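# Quick check, what structure comes out for this input:
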Amino acid sequence: MTTSKVGFPLSDGQAQAFGLPDDVYRVEGLIYREEDGTLVELPTTLAYEGLPIRWLDPAGHPDRPGR
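I've put the predicted structure just below:
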């Protein structure tokens, strides 16, 4: 079984880097290839932890209009 959906909690440092008020946050989304938008399929049995904040693409990022 595979999925393209990922979810992980933000660390306190990541939440602060986004300017979020003190609280507990979780990011949910999809992983896809930048080149063609194809969704990446990941095994559902793997746990992905410690994703760096640079993997996040805040809404309205000036280098990626329309995403």
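# what sits up against the lowest-mean-pLDDT helix or strand in the chain?
When the helices and strands of the chain are compared on mean pLDDT, DSSP states H and E, strand 42-43 comes out lowest with a mean of 82. Residues outside strand 42-43 that contact it (CB atoms under 8 Å, 6 or more residues apart in numbering) are 1-4, 6, 31, 48. C-beta: built from backbone N, CA, C; applies to glycine.
# Show me what it pairs with in its sheet, parallel or antiparallel.
Sheet pairing for strand 42-43, assigned by DSSP bridges, gives strand 2-3 (antiparallel).
# Name the next helix or strand downstream of the partner strand, please.
Past strand 2-3, further along toward the C-terminus, the next helix or strand under DSSP states H and E is strand 5-9.
# C-terminal to that following strand, what's the next element?
As assigned by DSSP H and E, the chain's next helix or strand after strand 5-9 is helix 12-17.
# Give me the distance between the two termini of stretch 35-43.
Start to finish, the residues bounding stretch 35-43 are 22 Å apart (CA to CA, to the nearest Å).
# Which of the three states applies to Gly29?
Of the three states, Gly29 takes strand according to DSSP: H, G, I helix; E, B strand; the rest coil.
# Need the nearest residue in space to it, chain neighbours excluded.
Leaving out its chain neighbours, the residue that sits closest to Gly29 by CB to CB, 6 or more residues apart in numbering is Val6, at 6.2 Å.
# Tell me who's in contact with that neighbour.
Taking CB under 8 Å, 6+ apart as the test, what Val6 contacts is 28-31, 42, 48.
# could those go into JSON lines alongside neighbour count?
Below are those laid out as JSON lines (neighbours: other CB atoms under 10 Å):
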{"residue": "Glu28", "neighbour count": "8"}
{"residue": "Gly29", "neighbour count": "13"}
{"residue": "Leu30", "neighbour count": "11"}
{"residue": "Ile31", "neighbour count": "14"}
{"residue": "Leu42", "neighbour count": "14"}
{"residue": "Tyr48", "neighbour count": "10"}
